[in-house]
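Asker: sequence unavailable; structure follows:
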């Protein structure tokens, strides 16, 4: 049985009726004329083409009721701002859900991160990153079962930077009550939905008394609406130390934190289970949700049949659960884990194996039940 802690489909019945919260994390898509759901597919750069091909082959073999609609998100620079091409925007808003491979940000003045642009374009305010030890792939940590929710739209990643004088630059950390509130509310709803009794707010309000202080005070206010879920607070320094010394202490909580901390800590948790190649991710918004592989585009191995599609596959399983297609997600998830556990000959190089992308894909298809 697929662990409910890996995937998510939080209840929304207790979410306050505010403009931004009435549709949070709820998929309202309809089947197309062929009786299938259409999903926008951003295949990405570098190895994105290869791992996307693997996903499509496995979905076809498993008879998943999904039709893919390819999206080109090659950025446009309009009036000095990085924007997503309108056809891609229209596709994702139409389908309400997308699967995304790794994207490379173009080098050059004026271009912002494509991932950041996607989050802002579609209002993807919460990033959900589960990390759970995988049976059959041993690491120094065999008791990891964490869930981290990262505020996804502001903080140090607001893109507000400027040069004060030559040799001196300034970056603005933007924290708003509204963005903090909707992310923290989502964390409480998520904890309730997966049976975790506590939300842990990770912060550095001891130093950033106004910005992180606002995040903490907002969390205290939100907690009053969830008397059945405990709340606790922890300084980011302590969380970092304790997570790598005994990650089991975080198995009964949902961690929620501002953007930068979440970016760093989610990668740290991924490292405990074997790396970003094993980590699923979902970006949640009021209407649209985008599920993604969070590793890089790895241009050094692109086109060499060496890439590991596991992260994109597990993210797609999160997507299926979000869409109400849980049994299909379980089917693929079990096949992936069975393949990883079957031996080095069936694992890709990043998992200390010798398999090619195509061989790994073939083995997953054989293990579909």
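Answerer: Happy to help now that I have it. Model, not experiment: these values are computed from the prediction. Numbers count the residues shown, from 1 in each chain.

Asker: centroid residue for this structure?
Answerer: The centre of the chain sits closest to residue 281, judged by CA atoms, centre = their mean, with a distance of 2.2 Å.

Asker: strands along the protein, start to end?
Answerer: Under the criterion DSSP state E, the chain contains strands at 37-42, 66-70, 76-78, 81-83, 97-100, 124-132, 145-151, 161-165, 168-171, 198-203, 230-235, 253-257, 282-285, 289-292.

Asker: give me the helices and strands touching the second one, please.
Answerer: The helices and strands touching strand 66-70, judged by 3 or more CB pairs under 8 Å, 6 or more residues apart in numbering; DSSP states H and E, are strand 37-42. C-beta here means a position set from N, CA and C on the backbone, and glycine is covered the same way.

Asker: could you list the buried residues of the strand it packs on?
Answerer: Buried residues in strand 37-42, counted by 16 or more other CB atoms under 10 Å: 37-42.

Asker: who does that strand pair up with?
Answerer: The strands beside strand 37-42 in its sheet (DSSP bridges) come out as strand 66-70 (parallel), strand 97-100 (parallel).

Asker: on that earlier part again, now render the strands of the chain as JSON lines, adding mean pLDDT.
Answerer: Shown next, in JSON lines, are the strands of the chain (pLDDT from 0 to 100):
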{"stretch": "strand 37-42", "mean pLDDT": "98"}
{"stretch": "strand 66-70", "mean pLDDT": "98"}
{"stretch": "strand 76-78", "mean pLDDT": "83"}
{"stretch": "strand 81-83", "mean pLDDT": "82"}
{"stretch": "strand 97-100", "mean pLDDT": "98"}
{"stretch": "strand 124-132", "mean pLDDT": "96"}
{"stretch": "strand 145-151", "mean pLDDT": "97"}
{"stretch": "strand 161-165", "mean pLDDT": "93"}
{"stretch": "strand 168-171", "mean pLDDT": "96"}
{"stretch": "strand 198-203", "mean pLDDT": "98"}
{"stretch": "strand 230-235", "mean pLDDT": "98"}
{"stretch": "strand 253-257", "mean pLDDT": "98"}
{"stretch": "strand 282-285", "mean pLDDT": "95"}
{"stretch": "strand 289-292", "mean pLDDT": "97"}
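
Asker: what's the closest of those to residue 346?
Answerer: Residue 346 sits nearest to strand 124-132 of all the strands of the chain, at 20.3 Å, using CB to CB.

Asker: partners of that closest one in the sheet?
Answerer: Short version: by DSSP bridges, strand 124-132 pairs with strand 145-151 (antiparallel), strand 282-285 (antiparallel).

Asker: now tabulate the ones you listed in TSV and tack on distance to residue 167.
Answerer: Output for these, formatted as TSV (distance: least, CB to CB, whole Å):
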stretch	distance to residue 167
strand 145-151	32
strand 282-285	36
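
Asker: follow-up on the earlier one: so which of the strands paired with strand 37-42 is the most surrounded?
Answerer: Of all the strands paired with strand 37-42, strand 97-100 has the most neighbours on average by mean count of other CB atoms under 10 Å, namely a mean of 26.

Asker: hmm, back to that, out of the strands paired with strand 124-132, which gets nearest to residue 357?
Answerer: Closest to residue 357 of the strands paired with strand 124-132 is strand 282-285 (CB to CB; 23.4 Å).

Asker: just the closest of the buried residues of strand 37-42 to residue 247, please.
Answerer: Using CB to CB, those come closest to residue 247 at residue 42, 31.5 Å.

Asker: many thanks, we can stop here.
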